[in-house]
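A.B. asks: sequence and predicted structure, then a few things I'm wondering about:
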Amino acid sequence: MGLTFGNIEVVKMKIPPIGDEIEDFTLSDQNGNENKLSELKGKKVLLSFHPLAWTGVCAKQMQSLEANHHGFEELNTIAFGINVDSVPSKKAWADDLGITNTSLLSDFWPHGKVADDLGIFLEDEGFSGRVNVIIDEEGLIKLIKVYEIPELPDINEILDVLKGM
């Protein structure tokens, strides 16, 4: 499966199969709080990867997570925005967007490691693809949906998948 950036194909992703366990990680959010994936067992997790903060589609993607915060709670799901920007950048961006309920995780150092472990890091660009990953209550991958870089993910599609789990 290829991903494009503009008209240029930049990667052949090596995405793990559905049903695999995701490698544990700990990342800081925009408030400096550490979030460890393995501590979330018993909850569903949405990792909503976006290329870069301070860009239009990425802002809309994170705002859609924030607008659906209560819907995620009702579905026993924690939704995270995640990309390679630093914690201070994530903090300023979250404040600018008015994001208060959604954690925006920094995959800054080692640079893009979580995205790379999932096979969605675009090495030549220095950021991840636009990808939604759903993990079930046991830590198993249930969905990996890759989007074109300029495409805004359909949040209702993600909510429907979560409802069906």
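C.D. replies: Received the coordinates, thanks. Numbering: from 1, shown residues only.
A.B. asks: tell me the contacts of residue 41?
C.D. replies: 137, 138, 139 (CB atoms under 8 Å, 6 or more residues apart in numbering). In this view, the C-beta of every residue, glycine as well, is placed from N, C-alpha and C.
A.B. asks: how much space separates the nearest residue to the second one once chain neighbours are set aside from residue 135?
C.D. replies: Yep, that's residue 138 we're talking about. Excluding its sequence neighbours, the residue lying closest to residue 138 (CB to CB, 6 or more residues apart in numbering) is residue 41, at 6.7 Å. Noted for residue 41: a distance of 10 Å to residue 135, by CB to CB, to the nearest Å.
A.B. asks: just the buried residues out of the contacts of residue 41, in ChimeraX syntax.
C.D. replies: This is the ChimeraX syntax for the buried subset of the contacts of residue 41, where burial follows 16 or more other CB atoms under 10 Å:
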select :139
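A.B. asks: so residue 79 sits right up against residue 67, yeah?
C.D. replies: No. Using CB atoms under 8 Å, residue 79 is not in contact with residue 67, being 10.7 Å away.
A.B. asks: who has more neighbours out of these two?
C.D. replies: residue 79 (27 against 13; other CB atoms under 10 Å).
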